[in-house]
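> need coordinates for the below:
(2 chains)
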2 protein chains.
Amino acid sequence: MKKILNQPSDYVTEMLEGLAAAHPQYYKRVGVGGRVIARPDAPVPGKVGIVTGGGSGHLPVFTGYLGPGLLDACAIGEVFSSPGSDLMADAMRAVHSGAGVLRLYGNYGGDRMNFDMAGEMVEMEDIRSTTVLVADDVASAGPEERAKRRGVAGMIYCYKIAGAKAATLAGLDEVTAIAQKTADRCRSVGVALTSCTVPCAGRPTFTIAEDEMEIGMGIHGEPGVRRGALRTADEIVQEMLDILLADMPLSSGDRVSVLCNSLGATPLEELYISYRYVARKLGEMGVAIVAPLVGRYATSMEMAGMSLTFCKLDAELEALLMAPCDCPFLRI
Amino acid sequence: MKKILNQPSDYVTEMLEGLAAAHPQYYKRVGVGGRVIARPDAPVPGKVGIVTGGGSGHLPVFTGYLGPGLLDACAIGEVFSSPGSDLMADAMRAVHSGAGVLRLYGNYGGDRMNFDMAGEMVEMEDIRSTTVLVADDVASAGPEERAKRRGVAGMIYCYKIAGAKAATLAGLDEVTAIAQKTADRCRSVGVALTSCTVPCAGRPTFTIAEDEMEIGMGIHGEPGVRRGALRTADEIVQEMLDILLADMPLSSGDRVSVLCNSLGATPLEELYISYRYVARKLGEMGVAIVAPLVGRYATSMEMAGMSLTFCKLDAELEALLMAPCDCPFLRI
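A predicted model of the protein is given here:
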């Protein structure tokens, strides 16, 4: 296991210590065992609180995206493992100003169960809350089963746009509606070239041959839609574009934001080679790209591979996407 | 070769196409073959131009750090290969406003030869220029041979601080002096866990066993000071601290910026685990950390490993470090 770590069992705790030490102006540790990260100024008076949560191993997802114009708190589990309901309840308590709380997170069974339970727990404390699930991974279920899809990098757009709406002091129903609208207009697909290694497991989650890739693999190594020989960047991206556009067609005059995301080891150079092809193809279609994001936004530690996300904008979403925000990991 | 690319020979050109397409407000391609990237507003009237250059494969180094309060242009070579003198001359021409040009880059023989020649070429065009070499890699030569040391991630501090000085419209001699002062106060050391693969070579640059690490390895795979069994994060960081502090002692009351940098594949989680230990140890010494940087700032594509850089500040350097800047890859 080629990792720089101490005891695997201390991985998450030590990571959070470092995160909070490096960025005290953005992140404070609260909740049981310091496993909730909140904005230092939470709760923000009059503002709907937005919380997220999930397993570790995906930085900057989830906790990186706290800050003005973004999220308010995050409940943090072990690597690839849901945080408990107590943590999500603590996250909600930390950000509740009286205006209610939106739980905004990726569609995974463990998280849903825990976070729904947390919602019931704080309901007894008169904290009103809602849920929006991000389910953008096109490869994880067909269009007739969209509600079963997993949430991946599309959540960045949901965080940004819902966070901007909440910053206007909009009410809980409005913030929830805009988060749902954003989630409905995001589509992602990934390609994995290598596995990552969960520290406590100590060996790669799956094996894949040196000359192979897997299209549609999930960020925890969930099976994809096709495994085959590694192709050229343009061929890989074309296949990803075909998958995305079949699910959410785009046409001339449409405006989208594009996120070309490394799963970890894949370097910026390869992302720019890939983005170049996306920009060319969308340009040929007459589709305008707004505020493209190229980098590591939702990772699986040291997995090699990338994902491509489209967020189809309208005037309302574009204005919120372009609104100011402040965190160490996102510039628009 | 687990890379997302097309023809290896097109790697750099296609990367630059993508970079310019994604960030047209920061980067325009000029010069021979579009291999010079310049700020779109270059030359900035009355401002000393600062140019850098070097081989590709280190994003965001070098070209990522162009922008207000940073660099003005960059000459770009093939992967791990110096750009020619003609490119550096074009970079200097692109940013020359009449106030002169500083060449600020890492200390590598090929770059020195080409960039000195470029300086002579443009001298005949009445462009006055100076050179500051960044030579921060402590492991690459002993203290008695400091001038032979290679330049690594310390260049980020040199770019930032010299860029801030130039933004005040200070003269060439002043900008050169502050760049040299910053370079003199930066120390770095790296640890490599895996090799990377140069696309046109198609195989890893070196081999290292699954349970091994190499302390002091350079960002192109240059030999380090010690190869041995992979240790814990705290042990690795302690060894790196010992190397850095032996070369540039710090004591209570000192103020330093710390850059904990991934060489590529090593994820943010491991960087934060490592940074946590650095922060604790410097805290125990009474040394204050200013504006820590944790992330991927100077990479070797998909190499696993990290580097640690200290920049020892005084009031002048700290004020310039904290001055505003704007590029996609650096937030202070």
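
> next, the buried residues of stretch A:314-332.
Judged by neighbour count using 16 or more other C-beta atoms under 10 Å in any protein chain shown, the buried positions of stretch A:314-332 are A:317-318, A:320-323, A:325, A:327-331. In this view, the C-beta of every residue, glycine as well, is placed from N, C-alpha and C.

> just stretch A:211-227 next, same as before
Neighbour counts using 16+ other C-beta under 10 Å place A:213-222, A:224 of stretch A:211-227 among the buried residues.

> just stretch A:237-253 next, same as before
Within stretch A:237-253, the residues scored as buried using 16+ other C-beta under 10 Å are A:237, A:239-241, A:243-245, A:247-248, A:250.

> and the contacts of it?
A:138-139, A:143, A:185, A:187-189, A:191, A:215-216, A:225, A:231, A:256, A:274, A:277-278, A:281-282, A:285-288, A:308, A:310, A:312 (C-beta atoms under 8 Å, 6 or more residues apart in numbering or on different chains).

> sort out which one of the buried residues of stretch A:237-253 lies nearest A:C158 for me.
For those, the residue nearest A:C158 by C-beta to C-beta is A:M248; the value is 15.2 Å.

> show me where the stretch 151-300 of chain A has its strands.
Secondary structure of the stretch 151-300 of chain A, counting by DSSP state E, counting those that start in this stretch: strands at A:186-192, A:212-215, A:226-229, A:255-262, A:288-289, A:293-295.

> okay, the ones you listed, which one's buried deepest?
Stretch with highest mean neighbour count among the strands of the stretch 151-300 of chain A: strand A:186-192 (a mean of 28; mean count of other C-beta atoms under 10 Å in any protein chain shown).

> which residues of the stretch 151-300 of chain A lie near chain B?
A:191, A:193-194, A:210, A:230, A:232-234, A:236, A:264-276, A:279, A:292, A:294, A:296, A:299 (C-beta under 8 Å from any C-beta of the partner chain).

> mark which of those are buried, thanks.
In terms of neighbour count (16+ other C-beta under 10 Å), the buried residues within those are A:191, A:193-194, A:230, A:233-234, A:236, A:264-276, A:279, A:292, A:294, A:296, A:299.

> thinking again about what came up before, contacts with chain B among the buried residues of stretch A:314-332, please.
Among these, the ones lying near chain B by C-beta under 8 Å from any C-beta are A:328, A:331.

> reformat the buried residues of stretch A:314-332 as JSON lines; add distance to A:K28.
As requested, the buried residues of stretch A:314-332 are exported to JSON lines (distance: C-beta to C-beta, whole Å):
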{"residue": "A:L317", "distance to A:K28": "30"}
{"residue": "A:E318", "distance to A:K28": "32"}
{"residue": "A:L320", "distance to A:K28": "26"}
{"residue": "A:L321", "distance to A:K28": "27"}
{"residue": "A:M322", "distance to A:K28": "28"}
{"residue": "A:A323", "distance to A:K28": "24"}
{"residue": "A:C325", "distance to A:K28": "18"}
{"residue": "A:C327", "distance to A:K28": "14"}
{"residue": "A:P328", "distance to A:K28": "14"}
{"residue": "A:F329", "distance to A:K28": "17"}
{"residue": "A:L330", "distance to A:K28": "19"}
{"residue": "A:R331", "distance to A:K28": "22"}
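
> tell me which of the residues of the stretch 151-300 of chain A next to chain B fall in helices.
Residues of those located in helices (DSSP state H): A:233-234, A:236, A:268-276, A:279.

> of the buried residues of stretch A:211-227, closest to A:L71?
Closest to A:L71, out of all of those and judged by C-beta to C-beta, is A:I219, at 18.6 Å.

> list the contacts of that closest one.
Here A:I219 is in contact with A:58, A:150, A:152, A:190, A:263, A:298-300, A:303, A:307 (C-beta under 8 Å, 6+ apart).

> separation between it and A:A139?
Counting by C-beta to C-beta, to the nearest Å, the gap from A:I219 to A:A139 is 11 Å.

> now the common contact residues for these two.
A:G190.

> quick revisit: with distance to B:A38 and mean pLDDT added, can I get the strands of the stretch 151-300 of chain A in CSV?
Listed next are those as CSV, based on distance: least, C-beta to C-beta, whole Å; pLDDT from 0 to 100:
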stretch, distance to B:A38, mean pLDDT
strand A:186-192, 33, 98
strand A:212-215, 36, 97
strand A:226-229, 40, 96
strand A:255-262, 24, 98
strand A:288-289, 22, 98
strand A:293-295, 20, 98
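
> can you spell out the domain ranges of chain A, please?
Segmentation of chain A into domains, based on automatic domain parsing, reads A:8-184, A:186-314.

> just put those in a markdown table and tack on distance to B:G119.
As requested, the domains of chain A are exported to a markdown table (distance: least, C-beta to C-beta, whole Å):
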| stretch | distance to B:G119 |
| --- | --- |
| domain A:8-184 | 39 |
| domain A:186-314 | 28 |
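
> quick one, which of those domains is nearest to B:Y157?
domain A:8-184 (16.5 Å).

> any idea how far the residue nearest to A:V225 when sequence neighbours are not counted lies from A:A192?
Nearest residue to A:V225, sequence neighbours excluded (C-beta to C-beta, 6 or more residues apart in numbering or on different chains): A:G216, at 3.7 Å. Here the distance between A:G216 and A:A192 works out to 9 Å (C-beta to C-beta).

> what do these two both touch?
Common contacts of A:G216 and A:A192, defined by C-beta under 8 Å, 6+ apart, comprise A:G224.

> run through the helices of chain A in chain order.
Counting by DSSP H, the helices of chain A are A:11-22, A:85-95, A:109-123, A:155-167, A:172-184, A:233-247, A:268-285, A:315-321.

> nearest to B:G46, out of the ones you listed?
Ranking the helices of chain A by distance to B:G46, with C-beta to C-beta as the measure, places helix A:268-285 first at 32.6 Å.

> dump that closest one to CSV, restricted to CA.
C-alpha atoms of helix A:268-285 as CSV (Å, rounded to 0.1, in the frame of the first residue of the first chain):
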residue,chain,number,x,y,z
LEU,A,268,-4.1,17.9,-14.9
GLU,A,269,-2.4,17.4,-18.3
GLU,A,270,-4.7,14.5,-19.2
LEU,A,271,-7.7,16.4,-18.0
TYR,A,272,-6.8,19.3,-20.3
ILE,A,273,-6.3,17.0,-23.2
SER,A,274,-9.8,15.6,-22.5
TYR,A,275,-11.4,18.9,-21.9
ARG,A,276,-10.0,20.1,-25.2
TYR,A,277,-12.1,17.5,-27.0
VAL,A,278,-15.2,18.2,-25.0
ALA,A,279,-14.9,21.9,-25.8
ARG,A,280,-14.4,21.2,-29.5
LYS,A,281,-17.4,18.8,-29.7
LEU,A,282,-19.8,21.1,-27.8
GLY,A,283,-18.6,24.0,-29.8
GLU,A,284,-19.4,22.1,-33.0
MET,A,285,-22.9,21.5,-31.6
